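>>> just a sequence and a predicted model for now, questions to come.
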Amino acid sequence: MPCGYLDHTTDDQGAPMAEPKLSDRSAERIGWLTTVTPKGRPAPRPVWFVLDGADIVVFSKPDTAKLRHIEANPEVSFHLNGNESGGAILVVNGKAHVEEGKASEAPGYLDKYGPAYAAIGFETPDAFDAEYSVRIRLVPDRTWGW
């Protein structure tokens, strides 16, 4: 095996690895949403997320670069951090769009992130909803990883 080569088809014991599923990793706290700038450059940003069926839902402050990027080009990717040995890679490609809705109304969002609101300066869910008032929905068309 060449130096630096990682076998992404088997685990440490040589057993075949299953295809990664986003639903298996929905408890992870941080994902990375990558939009595309007008110059065609990828622009990754860490985001809080929840799943809504097969879709990924994140929230944003209004008038941000990521929203302008999505408006100009809805093609995005989303990925989760891998593990220390270069495995547990999961990447989702799809289209994003802005829609109505509050974080406090998104199934599972308050359970997952509500306890952290005070630590980042939000006294109530309503205060978070007021600042992060834009819902972004990523509709996957391809998921891959190892």
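Sure, I can see it.

>>> only C-alpha atoms for contact and neighbour calcs from this point on.
Will do.

>>> burial count for Pro38?
The number of residues packed near Pro38 is 11, by other Cα atoms under 10 Å.

>>> find the residue at the geometric middle of this structure.
For the chain, Gly31 is the residue whose C-alpha lies nearest the centre (Cα atoms, centre = their mean; 3.7 Å).

>>> wasn't Ile70 part of a helix?
Yes - looking at Ile70 with DSSP: H, G, I helix; E, B strand; the rest coil, it is inside a helix.

>>> that one against Gly94, yeah?
No - in this structure Ile70 lies outside contact range of Gly94 using Cα atoms under 8 Å: 11.3 Å.

>>> who touches both of those two?
Shared contacts of Ile70 and Gly94 (Cα atoms under 8 Å, 6 or more residues apart in numbering): Val76.

>>> okay, strands next: where are they in this structure?
Remark: strands assigned in the chain by DSSP state E are 31-36, 42-47, 50-52, 55-60, 75-80, 90-99, 134-145.

>>> where does pLDDT dip in this protein?
Flagging of the chain using pLDDT under 70 yields the residue ranges 1-19.

>>> residues in contact with Tyr109?
Taking Cα under 8 Å, 6+ apart, we find Tyr109 in contact with Phe49, Val50, Ala103.

>>> I meant to write Ala118 there.
Contacts for Ala118 (Cα under 8 Å, 6+ apart) come out as Thr124.

>>> let's go with 10 Å and repeat that
Neighbour list for Ala118: Thr124, Pro125, Phe128 [criterion: Cα atoms under 10 Å, 6 or more residues apart in numbering].

>>> what is the neighbour count of the second one?
Pro125 has 18 neighbours, counted by other Cα under 10 Å.

>>> which non-adjacent residue is nearest it?
Once flanking residues are discounted, Pro125 sits nearest to Ser104: 6.2 Å by Cα to Cα, 6 or more residues apart in numbering.
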